[in-house]
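Participant: Would you be able to build a 3D model of this:
(2 chains)
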2 protein chains.
Amino acid sequence: MDVTKFAIPEIIFGRGSLNHAGQCALRLGAKKVFLVSDSGIEEAGWVQRLMDILKREGIEWIYYPGVTSNPRDFQVEQGAEFYTKNNADVIIAIGGGSALDTAKGIAIIASNGGKIRDYEGANRVHRPLPPMVLITTTAGSGSDISQFCIITDVERAVKMSIITRTLVPNISIVDPLILRTKSETQIIQSAVDALAHAIESYTSTIASSLTEMHSLKAIDLIIRNLPHAVQTRSLDSLEQLSMASVSASMAFSNASLGAEHALAHSLGGHFDMRHGVIHPILLTAVMRYNLDWAEEKFGNIGRVILNKDLGSVRDNAVEGIEKLDEFFAQLDVPLRLRDEIGEDDKHFLEPICRMAVNDACNLTNPRPASWRELMAVCEEAW
Amino acid sequence: MDVTKFAIPEIIFGRGSLNHAGQCALRLGAKKVFLVSDSGIEEAGWVQRLMDILKREGIEWIYYPGVTSNPRDFQVEQGAEFYTKNNADVIIAIGGGSALDTAKGIAIIASNGGKIRDYEGANRVHRPLPPMVLITTTAGSGSDISQFCIITDVERAVKMSIITRTLVPNISIVDPLILRTKSETQIIQSAVDALAHAIESYTSTIASSLTEMHSLKAIDLIIRNLPHAVQTRSLDSLEQLSMASVSASMAFSNASLGAEHALAHSLGGHFDMRHGVIHPILLTAVMRYNLDWAEEKFGNIGRVILNKDLGSVRDNAVEGIEKLDEFFAQLDVPLRLRDEIGEDDKHFLEPICRMAVNDACNLTNPRPASWRELMAVCEEAW
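Facilitator: Just a heads-up that it's a prediction; the model follows:
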């Protein structure tokens, strides 16, 4: 094996782990916490709950509520100004991928200066970031575990992937109790994001023995638990989805992703679509595109999805992808690109695909993908 | 699931990863490295190699060669004095468990003061340690990954377990090329230590979904690769043993161990036996003692060892343990306690077992074990 690196935060996992947030901040030397969240999490009561926990530990904080879905460049730049002005020292963020990525973006600017677009791509952040405790409220984005940060460049209307080891937070808190306040749609959109992370990281050209087992575990847990979690909201199922997301995140953070995520970033940046909407539409189309270039691996994925071995790598691979189409179909989510993009906007697909080939995620796709080939994938998914 | 914590260092794994050591030290802010190793590693040329790497990066160092097998309390205390006197800032250790544990012990005293016995047990180190890069030269102890440090208390003639998250180093470097300079005996003793870590962490009362899969993976890799690695020294097999050790270490560092390690520490402390000699003697005896208290888990272990499913949990468990006895028998290592301890010294077993029940590892054994029960295990293994 070539030299491979594996970095994850300290993870505190389990029901009630949110209560550890104050202790975590103290361990990191917090005198004044910079607290990041959004209105949805506030309304669900989690921000107040977190403030109570900080108060109990005698920790001061300043609250930054300026998080939106698909965070923009100017928003994290404003946030960094607010951070600096308030002399905060430790960042705690609670929310989905948008809140956590906003916190990460703020951390980059606050300690490295400049504009967020200066850091697009891999390994371009050079100075250490403020200590971070990230508390996920979804079981999907993995931003609480990963070295990824996705921020929209408004001018170019594209989601930038910023990837660097320093973006791995100090501590990730994963409390499945928080998932109980999520809607059915939020649970599905998060889980299919984790599933896309698991599948793309497994077939990534830089996957390793340290990441592959986490990918397969995540696929297994999501296929076995998502339908039941949506139907029953059972805490056991939600906990399994949380564990799946942790596993998928440990994998993709270290093995990166592929063309499906590259496309999802470009589509999401252009149309401001929610990230989790895109995967049931694109994932199996990209898997079919990649199939012949990673047949053995798709065979392993198929065996996990089918929960049996058909005796042939090819059969496992092909029927696994078909089974995944059926899995998405039963979730009652959009399955075709035309469900999300009007016919009038279809001409934007070309510039979107031209953008996607330059996304860092496209570099590790098992089969090289030009913009024309990504266009063909979009046509298949149309 | 109750709240569970999972912490590991950044891991740099693969052939040639040793070359990253200088960059790692720089990333941690090194101005003057405190380099820890022993004469065996020096003779194999690895200390010089590491010095060349540091020189290439323009990093100054001071070398501390005072490592012995089963490091003693006074040795780490002397080492800490040497560290402080030389104004070092980052610790790099290269070696087996003894060298790495010496480095960890030095780090504790250098930053927390006092005597090393003040820190025996769990979570008793309160101030942060100097940054550490630990480079393992064996595939077994896992000290480069774990929050464990084992130091002999000379007065009480016992190995103390010091367990705390701050002992997880910043960076672990695992370079399978280094294993090529190890003797057959060293490879076996390291691998059976990793196997004991994997099995005891899997049946530990605080094992979690985050650790269990690493335990099973390690068992599988060691059973499948150790005989071939010993016979052929093939780099592929050695690499698999390195990966097994990393997996087992991620598991036991976070799930702890059991009665077998508690006994091994007390025996090792009393008789100055090499740690890796003890496992083929004691492990299956402890597994039989635990069997009824974790039958399902021993069934899973059995399936991995046997590489098949006999259709019954009990059969998998029992035959797995028998197969493990056969596995040890083919390794040409001592299999009975009487091979290592003279009849004249047998009376020491009682105080040894009385000591072992207080070892932190005994707390997480699936079946509670009194000193009399540990005596019975020793009798079975005699």
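
Participant: For the residue of the stretch 51-200 of chain A found nearest chain B, grab the count of nearby residues.
Facilitator: Proximity to chain B, evaluated over the stretch 51-200 of chain A using C-beta to the nearest C-beta, is greatest for A:Arg165 at 7.3 Å. For the C-beta atoms, the positions are set from N, CA and C on the backbone; glycine is no exception. Applying the criterion other C-beta atoms under 10 Å in any protein chain shown, we find 15 residues in the vicinity of A:Arg165.

Participant: if I read this right, it contacts B:Cys24, doesn't it?
Facilitator: No - under the criterion of C-beta atoms under 8 Å, A:Arg165 is not in contact with B:Cys24, lying 11.5 Å apart.

Participant: The closest residue to A:Ile8 other than its chain neighbours: neighbouring residues, count only.
Facilitator: For A:Ile8, ignoring the flanking residues on the chain, the nearest one in space by C-beta to C-beta, 6 or more residues apart in numbering or on different chains is A:Met250 at 5.3 Å. Neighbour count of A:Met250, defined by other C-beta under 10 Å: 30.

Participant: Confirm A:Met250 sits in a helix?
Facilitator: Yes - when DSSP: H, G, I helix; E, B strand; the rest coil is applied, A:Met250 is found to be in a helix.

Participant: State the helix or strand in which A:Tyr83 lies.
Facilitator: Assigned by DSSP states H and E, A:Tyr83 falls within helix A:73-85.

Participant: for chain A, which spans come out with low pLDDT?
Facilitator: Chain A contains residues with pLDDT under 70 at A:1.

Participant: Could you break it into its assigned domains?
Facilitator: Under the assignment named as automatic domain parsing, the residue ranges that make up the domains of chain A are A:10-178, A:183-381.

Participant: tell me the phi and psi of the residue nearest the centre of chain A?
Facilitator: Nearest to the centroid of the C-alpha atoms of chain A, with distances taken as C-alpha atoms, centre = their mean, sits A:Ser141, at 2.6 Å. Main-chain torsions, A:Ser141, degrees, to the nearest 10: phi -60, psi -40.

Participant: Surely it is in contact with A:Thr102?
Facilitator: No - the pair A:Ser141 / A:Thr102 is not scored as a contact, 11.8 Å apart, by C-beta under 8 Å.

Participant: Could you list the contact residues of chain A toward chain B?
Facilitator: Residues of chain A lying near chain B by C-beta under 8 Å from any C-beta of the partner chain: A:1-8, A:10-17, A:20, A:165, A:208-210, A:213, A:217, A:239, A:243, A:246.

Participant: Narrow those to those in helices?
Facilitator: A:209-210, A:213, A:217, A:239, A:243, A:246 (DSSP state H).

Participant: For B:Gly269, see how far away the residue lying farthest from the centre of chain A is.
Facilitator: When each C-alpha in chain A is compared with the mean C-alpha position (C-alpha atoms, centre = their mean), A:Gly311 comes out farthest, at 33.6 Å. Remark: distance between A:Gly311 and B:Gly269 (C-beta to C-beta, to the nearest Å) = 54 Å.

Participant: ok, now which ones touch A:Glu42?
Facilitator: Under the criterion of C-beta atoms under 8 Å, 6 or more residues apart in numbering or on different chains, the contact list for A:Glu42 reads A:48, A:65.

Participant: Where does it fall, secondary structure wise?
Facilitator: Going by DSSP H and E, A:Glu42 is part of helix A:39-43.

Participant: Show residues contacting the very next helix or strand once past that helix.
Facilitator: Counting by DSSP H and E, the element after helix A:39-43 in chain order, helix or strand, is helix A:46-56. Helix A:46-56 is contacted by residues A:18-19, A:21-22, A:25, A:33, A:35, A:37, A:41-42, A:60-61, A:63, A:65, A:92, A:94, A:135, A:137, A:178, A:181 when judged by C-beta under 8 Å, 6+ apart.

Participant: quick one, strands of the stretch 1-150 of chain A?
Facilitator: If you assign secondary structure with DSSP state E, counting those that start in this stretch, the strands in the stretch 1-150 of chain A sit at A:4-6, A:10-13, A:32-36, A:60-64, A:90-95, A:121-122, A:132-136, A:148-153.

Participant: Save the ones you listed as TSV, and put in mean neighbour count too.
Facilitator: Formatted as TSV, these follow (neighbours: other C-beta atoms under 10 Å in any protein chain shown):
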stretch	mean neighbour count
strand A:4-6	20
strand A:10-13	22
strand A:32-36	25
strand A:60-64	17
strand A:90-95	28
strand A:121-122	15
strand A:132-136	28
strand A:148-153	25
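
Participant: quick one, which of the ones you listed is nearest to B:Glu326?
Facilitator: Distance to B:Glu326, taken as C-beta to C-beta, is lowest for strand A:4-6 among the strands of the stretch 1-150 of chain A, at 34.0 Å.

Participant: ok, the closest one: who's next to it in the sheet?
Facilitator: According to DSSP bridges, strand A:4-6 forms sheet pairs with strand B:10-13 (antiparallel).

Participant: Please enumerate residues in contact with the partner strand?
Facilitator: Outside of strand B:10-13, the residues that reach it under the criterion C-beta under 8 Å, 6+ apart are A:1, A:3-7, A:165, A:208, A:210, B:20, B:24, B:145, B:170-174, B:242-243, B:246.

Participant: Could you give the residue of the stretch 251-382 of chain A that lies closest to chain B?
Facilitator: Using C-beta to the nearest C-beta, the point where the stretch 251-382 of chain A gets nearest to chain B is A:Asn254, with a distance of 9.3 Å.

Participant: my guess is that residue meets A:Phe6, correct?
Facilitator: Yes - using C-beta under 8 Å, A:Asn254 makes contact with A:Phe6 at a distance of 5.0 Å.

Participant: The stretch 151-300 of chain A: helices as residue ranges?
Facilitator: When assigned using DSSP state H, counting those that start in this stretch, the helices of the stretch 151-300 of chain A occupy the ranges A:184-203, A:209-232, A:235-255, A:259-271, A:275-290, A:295-306.

Participant: In a markdown table, list those helices along with distance to A:Pro131.
Facilitator: Putting the helices of the stretch 151-300 of chain A into a markdown table (distance: least, C-beta to C-beta, whole Å) gives the following:
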| stretch | distance to A:Pro131 |
| --- | --- |
| helix A:184-203 | 25 |
| helix A:209-232 | 25 |
| helix A:235-255 | 18 |
| helix A:259-271 | 28 |
| helix A:275-290 | 27 |
| helix A:295-306 | 37 |
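
Participant: closest one to B:Asn365 among those helices?
Facilitator: Proximity to B:Asn365 (C-beta to C-beta) singles out helix A:235-255 among the helices of the stretch 151-300 of chain A, at 25.3 Å.

Participant: Could you name the helices and strands sitting against that closest one?
Facilitator: Identification of packing neighbours for helix A:235-255 by 3 or more C-beta pairs under 8 Å, 6 or more residues apart in numbering or on different chains; DSSP states H and E yields strand A:4-6, strand A:10-13, strand A:171-174, helix A:184-203, helix A:209-232, helix B:209-232.

Participant: Just the buried residues of that helix, please?
Facilitator: Along helix A:235-255, the positions that meet the burial threshold by neighbour count (16 or more other C-beta atoms under 10 Å in any protein chain shown) are A:237-255.

Participant: Alright, calling it a day.
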